[in-house]
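Asks: requesting a structural model of the entry that follows:
(one chain, ligands or ions: 2)
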Amino acid sequence: KIKLIIDTDPGIDDAMAILAAFNSPEVEIIGLTTIFGNVPVAEGSCDQLNGLTKTRVADFVHGAEGFGNTYQQLVEGKKHSLTAAQFIANAASEHPGEVVVLALGPVTNIALAYKVDPQLRTRLKEVVILGGAFQSNGNVNPAAEANILGDPDAADYVMEQGNNVRLVSLDVTHQVEFTSKDMDALHGRGRFGSFISDISKFYIEYYRKSYGVDSCFVHDPTAFAAVFRPDLFTWQAGKVLVLTEGVARGMTIMDHCVRNWAAPHAWSDRPLVQVAVAVQADKVAPMLLER
Ligand code: BDR
Ligand code: CA
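Replies: Ligands and ions are numbered 1, 2, ... in the order given. Next up is the predicted model:
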């Protein structure tokens, strides 16, 4: 079983991914860590890595409390005494080579964890990040995807430091959809089915207004699928840089490494990361829906 830490900014699609993960025998969830993002949360980091830029809130996508204004609470949990970064670092040192972190929000906690423990890079099995847009436009503006724009400095740092990083970007998540019919059909299928069905109404309304579709993109669940079914994606190795300034702040640009550059550039010394460039959406969407 994959030992999985989900770093999340719940979030409607985050909730879908978390519930799917708890219903997946391939993974053992050893921790949930939180990060600012879709709606305000208290634990994990509440600030970007640079400590300056105001964090952005996407309550218009996910509702005021992050669950489509349904104000439902499924479970009550107890918080851990460690910070998210320290928790990730400790888990990786206890289980070297076994822990996967699934990052579903801005990657501030991951960057902080690398800073807490310089050995972390070699100890984590993998970091799978929902973030970025390479072939397609962003979803906050033409340049930037929400999670990367949430903390571009942290994202760039992770791209610079990280080993075993895989990126699941809008290029593939915009192909994996749940329709409003799918969500209606979930209603009554247990507590969790009804919960997902209820909270996704607000989410689909956002996509209806923004993209003219009667469905929602299932970003975070798709990134979860990449954790245990990477074979359903096509991966390309490259070096990624994140713009941290200017009008295109948060934009992700990949060196596809298909030629030998005459002179070194800002990408040259970066580690290779794996970027998902295609997805078998006809397999991923039903699999996630079932879970
Ligand atoms: C990402 O941003 C958040 O709104 C979603 O939960 C997802 O993680 C999509 O850009
Ligand atoms: Ca998210």
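Asks: now do the contacts for residue 271.
Replies: Residue 271 is in contact with 160-163, 165, 239, counting by CB atoms under 8 Å, 6 or more residues apart in numbering. (Glycine included, C-beta is placed from N, CA and C.)
Asks: buried ones among these?
Replies: Using 16 or more other CB atoms under 10 Å as the burial test, the contacts of residue 271 include 160-162, 165, 239 as buried.
Asks: near ligand 2 too, which of these?
Replies: Counting by CB under 5 Å from the ion, the subset of the buried ones among the contacts of residue 271 that neighbours ligand 2 is empty.
Asks: lowest-confidence one in those?
Replies: Ranked by pLDDT, the buried ones among the contacts of residue 271 bottom out at residue 162, which scores 78.
Asks: that one contacts residue 120, doesn't it?
Replies: No. Contact criterion CB atoms under 8 Å: residue 162 and residue 120 do not qualify, at 9.3 Å.
Asks: quick check: neighbours shared by these two?
Replies: Taking CB under 8 Å, 6+ apart as the criterion, residue 162 and residue 120 both touch residue 114.
Asks: re earlier: from the buried ones among the contacts of residue 271, which land in strands?
Replies: In strands, judged by DSSP state E, the following of those are found: 165, 239.
Asks: can you tell me which of the buried ones among the contacts of residue 271 is closest to ligand 2?
Replies: Nearest to ligand 2, judged by CB to the ion, of those is residue 165 at 17.2 Å.
Asks: distance of the residue of the stretch 151-291 of the chain found nearest ligand 1 relative to residue 256?
Replies: Residue of the stretch 151-291 of the chain nearest ligand 1, by CB to the nearest ligand atom: residue 219 (4.1 Å). Residue 219 sits 23 Å away from residue 256, going by CB to CB, to the nearest Å.
Asks: more neighbours: those two, which one.
Replies: Taking other CB atoms under 10 Å, residue 219 and residue 256 do not tie; residue 219 has more neighbours (28 against 12).
Asks: for the residue lying closest to the more buried one once chain neighbours are set aside, list the residues it contacts.
Replies: Closest residue to residue 219 apart from its sequence neighbours, by CB to CB, 6 or more residues apart in numbering: residue 173 at 4.3 Å. For residue 173, the contacting residues are 130, 217-219, 222-223, 279, by CB under 8 Å, 6+ apart.
Asks: just the residues contacting the one helix or strand residue 112 maps to, thanks.
Replies: Using DSSP states H and E, the element containing residue 112 is helix 108-116. Contacting residues not belonging to helix 108-116 are listed as 7, 33, 35-36, 44-45, 47-49, 83-86, 88-89, 101, 103, 120-121, 127, 129, 150-151, 153-155, 157-158, 161-162 [CB under 8 Å, 6+ apart].
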